[in-house]
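S.K.: Sequence first, then the predicted structure:
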Amino acid sequence: MSHCILHVGMPKTGSTSIQETLFFDLDDPRFLYVSAGDLNAARAVGVLCADTGPPRHLFGAIQDDPDLVDRLRRSYSRRLARGLRTARERGRQPVISAEDCWRMSEREFRKMQSLVGREGFEIRVVGYLRPWKEWIQSNFQQRCQGETIYGRKPWAFGFAPTSLNQIDYRERIETLERVFGRENVLVRKFEPRGFPGGDVVRDFCHRVGISIAESRTRRTNDSLSLDATKFLVAYGRFGNREPDAGRRCALQHGWLVRRLQELPGPPLRLHSSLVEPTLAPVLPQLDWLEERLGASMREELGAHDDAHDTIRSDEDLLRFSGESLRWLARLTGGGSIAGTSGEETAREVGERVHRLRHSFPGAAILGRSARALAERSWTRWTRGV
């Protein structure tokens, strides 16, 4: 039986860079990127395999409409099957990338196995793991973007990830091995300094045998500075008045994030006291994990505890630097922002971020968005990915 490469993430390990490169620039005739028409196959896999219906973090309120879910299921089933069938007929090895697979149950993985097996392929899994604290910090920042910009609910989460099974690495790996066999599960430490050219895309392609020129790989970095993350926290608490996610909301999400990415500053770092309670249940598996990966996953949890800008409490997220407030005031007009901390300042910051969200994003950002949309539509039409 031929093999299908299933890239399962985990999230925040360069998945978007891998997906964009495979979607737009995969030209190795031995492989075919199968994504059911999306850049990322997570939505297709979620509709077709999730036990509880389409994941809300990917679909919003769509899962509450049975007729729409049924239409999506038929559409994604048809498109995914067509892609796998095309790969088989052309003698190519299909590649599916859906980082949301990382959190799937054994039952859901077996659905995926059956879906791919019907088209004559056996799954081989590739995944990357980040050290725990590093991942928690990145995940917190990502949730700040999703929960505050999309406005699905008021700020109601802490520093720990909402789905703790994501960081139970041993349980995740053993689940994959039970379904697909250990020989078909490759897990790597996400360590860019050890990748060819520091590039996870090149490492992924090397591991699965894809030939791709260095100039064709794409790097997507959606990280924000500490100050920009604080702005999102204030916006989520005090400034966001948008309805649930929609097409317009998705456009505003991209534009606002790109504007905030222009704000310089140090990265988000959490005090060890904020992450140790979350990590306590999984730290005992460290020896097993390092043996399985063949790499050290140890971190100095308190490495930045003494730094003045390390986040020690929820209140620290509402203390703003003068430079960042002046930056926000320049972009939004209306004079300077009074104070640097406290609820009154945070409310003003939230209002300013809301104003920034609805302001003209600028010709450069608008141009990049238009080019990206055109390129994506053209690629989907010409390659049928």
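M.R.: Alright, I've got the coordinates.
S.K.: Pull out the buried positions in the strand ranked longest in the chain.
M.R.: Ranked by number of residues, the top strand in the chain under DSSP state E is strand 121-129. By 16 or more other Cβ atoms under 10 Å, the buried positions in strand 121-129 come out as Phe121, Ile123, Arg124, Val125, Val126, Gly127, Tyr128, Leu129. (Each C-beta comes from the backbone N, C-alpha and C, glycine too.)
S.K.: and if you look at stretch 71-78?
M.R.: Those would be Leu72, Tyr76, for stretch 71-78 by 16+ other Cβ under 10 Å.
S.K.: Stretch 107-125 too?
M.R.: Buried residues in stretch 107-125 (16+ other Cβ under 10 Å): 108-113, 115-116, 119, 121, 123-125.
S.K.: Out of these, the closest to Gly14 would be?
M.R.: Set against Gly14, the nearest of these by Cβ to Cβ is Val125 (16.3 Å).
S.K.: give me the number of residues near the residue lying closest to the closest one once chain neighbours are set aside?
M.R.: Excluding the flanking residues, the one nearest Val125 by Cβ to Cβ, 6 or more residues apart in numbering is Val185, at 4.7 Å. For Val185, the neighbour count with other Cβ atoms under 10 Å is 22.
S.K.: so what's Val185 up against?
M.R.: Arg124, Val125, Gly127, Ile173, Leu176, Glu177 (Cβ atoms under 8 Å, 6 or more residues apart in numbering).
S.K.: Mind doing that once more with 7 Å?
M.R.: Counting by Cβ atoms under 7 Å, 6 or more residues apart in numbering, Val185 touches Val125, Ile173, Leu176, Glu177.
S.K.: By neighbours, which of the residues you listed wins?
M.R.: Leu176 (25 neighbours).
S.K.: buried stuff in the one helix or strand that one maps to?
M.R.: Element membership for Leu176 (DSSP states H and E) is helix 169-180. Within helix 169-180, the residues scored as buried using 16+ other Cβ under 10 Å are Tyr169, Arg172, Ile173, Glu174, Thr175, Leu176, Glu177, Val179, Phe180.
S.K.: between it and strand 121-129, how many degrees?
M.R.: If you take axes from the mean of the first three to the mean of the last three Cα atoms, to 10 degrees, helix 169-180 sits at 170 degrees to strand 121-129.
S.K.: Contacts for helix 169-180 next, please.
M.R.: Outside helix 169-180, the residues that reach it (Cβ under 7 Å, 6+ apart) are 102, 106, 109-110, 113, 123, 125, 129, 165, 185, 187, 282, 285, 288-289, 292.
S.K.: got the CA positions of that helix in CSV?
M.R.: The C-alpha trace of helix 169-180 is given here as CSV (Å, rounded to 0.1, in the frame of the first residue of the first chain):
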residue,chain,number,x,y,z
TYR,A,169,3.1,14.7,24.8
ARG,A,170,3.4,11.1,25.9
GLU,A,171,-0.4,10.5,25.6
ARG,A,172,-0.5,12.1,22.2
ILE,A,173,2.4,10.2,20.8
GLU,A,174,1.2,6.8,22.2
THR,A,175,-2.3,7.5,20.7
LEU,A,176,-0.7,8.1,17.3
GLU,A,177,1.4,4.9,17.6
ARG,A,178,-1.6,2.8,18.6
VAL,A,179,-3.5,3.8,15.5
PHE,A,180,-0.7,4.1,12.9
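S.K.: what's the average pLDDT for that helix?
M.R.: In this model, helix 169-180 carries a mean pLDDT of 98.
S.K.: Same question for stretch 292-301.
M.R.: 95.
S.K.: Could you pull up the contacting residues of Ile123?
M.R.: Counting by Cβ under 7 Å, 6+ apart, Ile123 has contacts Cys4, Leu6, Gln113, Val116, Phe180, Asn184.
S.K.: Noted, bye for now.
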